[in-house]
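*Asks:* here is a sequence together with a model predicted from it:
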Amino acid sequence: MRDLKSLLPYARNARVHSKEQLEQIAASMLSFGWTNPVLLDDAGTIVAGHGRCLAAERIWADGKAIERVPKGKVPCVNLGPLSDAKRRAYILADNKIPQNASWDMELLRAELIALGQTDLDLALTGFTADEIAQAMIWAPPAAARSADPDTVPEVKGEPVTRPGDLWLLGPHRLFCGDSTKPEAVQAATAGALASCVWTDPPYNVAYEGVAVPRDAIANDEMGGLCHVPDGRVPRRIVLAGPWRGHLCGSWRCARPDLSGSLHGRRF
């Protein structure tokens with residue numbers, strides 16, 4: 001190990017570390033310890049590890065410790081004598097070559113989902129919230145999917161999900177349950193208020209279609225559970241929450257003066 005103050009940063013280092021990235025490196029070092037040694041040449045000049053040294057300096061300045069190293073000490077590997085050309089080329093290669101790799105999106109998505117079910121902060125992976133969200137909604141390229149978007153894949157075996165199951169999809173929560181039951185909504189939202197809602201609540205008008213046999217909507221006739229005269233159930237549901245939303249409903253049995261009152265309205 002070497003004293004941090006004895007190490008010489010490479011004056012021509014073209015790799016720039018932003019404040020945000022240094023914060024990511026510091027968070028990683030605080031969580032996982034110092035896992036990757038700094039590479040030096042014979043003169044003690046840093047060949048690889050500038051970001052780690054800068055992050056460690058900030059951590060120690062804040063009075064915090066890094067697992068596996070004493071304060072002010074840096075694990076190093078001396079690469080021995082290097083020609084000036086080789087040293088300069090390696091510094092570029094060490095930063096550039098890892099960027100040339102790609103991700104197996106299916107495996108990445110599975111890993112993020114699995115980690116999302118633990119108490120680990122996903123920010124420690126280095127992915128931003130937007131990148132995690134994009135990974136969660138990833139789908140195979142069009143060539144790997146059916147040409148017909150309406151094709152329903154064959155169900156193999158018994159369904160995995162059962163009522164009461166809660167799926168943690170990174171920053172998202174997906175609950176299998178009855179949205180008319182408050183306990184199901186609480187399980188899905190963890191008590192948080194929704195900022196936007198797209199809902200198709202019970203019309204409460206015992207609606208039947210015109211087909212033979214006549215089609216009915218399940219759970220439409222809720223009776224005393226949410227009954228309000230004159231077809232005003234949707235209005236009560238929408239105005240009850242502090243959110244913006246879209247409401248699907250049938251106005252055929254609503255009072256004439258209410259039939260268009262919510263069209264295009266923002267909540």
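*Replies:* Everything's here; your move. Numbers count the residues shown, from 1 in each chain.

*Asks:* how does the protein divide into domains?
*Replies:* 2-100, 102-140+162-192, 195-267 (automatic domain parsing).

*Asks:* so where do the strands sit in the stretch 51-200 of the chain?
*Replies:* Assigned by DSSP state E, counting those that start in this stretch, the strands in the stretch 51-200 of the chain fall at 73-74, 76-78, 166-169, 172-175, 196-199.

*Asks:* what's the most buried one of the ones you listed?
*Replies:* Scoring the strands of the stretch 51-200 of the chain by mean neighbour count under mean count of other C-beta atoms under 10 Å gives strand 73-74 as the most buried, with a mean of 20. Backbone N, C-alpha and C define where each C-beta goes, glycine included.

*Asks:* mean confidence (pLDDT) on that strand, please.
*Replies:* On average, the pLDDT along strand 73-74 is 97.

*Asks:* partner strands of it and their direction?
*Replies:* In the sheet, strand 73-74 lines up against strand 2-3 (antiparallel) (DSSP bridges).

*Asks:* show me the contact partners of the strand it pairs with.
*Replies:* When contacts are defined by C-beta atoms under 8 Å, 6 or more residues apart in numbering, strand 2-3 is touched by residues Leu40, Gly44, Gly72, Lys73, Val74, Cys76.

*Asks:* state the next helix or strand along the chain beyond it.
*Replies:* helix 19-32 (DSSP states H and E).

*Asks:* can you list contacts of the helix or strand following that next one?
*Replies:* Note on helix 19-32: by DSSP H and E, the next helix or strand toward the C-terminus is strand 38-40. Strand 38-40 is contacted from outside by 2, 7, 46-49, 52-53, 74-79, 94, using C-beta under 8 Å, 6+ apart.

*Asks:* if we go to 10 Å?
*Replies:* Residues outside strand 38-40 that contact it (C-beta atoms under 10 Å, 6 or more residues apart in numbering): 1-2, 4, 6-8, 45-53, 56, 74-80, 90-91, 94.

*Asks:* quick one: low-confidence parts of the stretch 51-200 of the chain?
*Replies:* 141-149, 200 (pLDDT under 70).

*Asks:* in it, which spans are helices?
*Replies:* 84-96, 105-116, 129-136, 182-189 (DSSP state H, counting those that start in this stretch).

*Asks:* using TSV, lay out the ones you listed together with distance to Cys196 and mean neighbour count.
*Replies:* TSV is the format used below for the helices of the stretch 51-200 of the chain (distance: least, C-beta to C-beta, whole Å; neighbours: other C-beta atoms under 10 Å):
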stretch	distance to Cys196	mean neighbour count
helix 84-96	41	14
helix 105-116	21	15
helix 129-136	15	15
helix 182-189	12	13
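
*Asks:* just send these back as CSV, with distance to Asp165 too.
*Replies:* Shown next, in CSV, are the helices of the stretch 51-200 of the chain (distance: least, C-beta to C-beta, whole Å):
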stretch, distance to Asp165
helix 84-96, 44
helix 105-116, 14
helix 129-136, 17
helix 182-189, 10
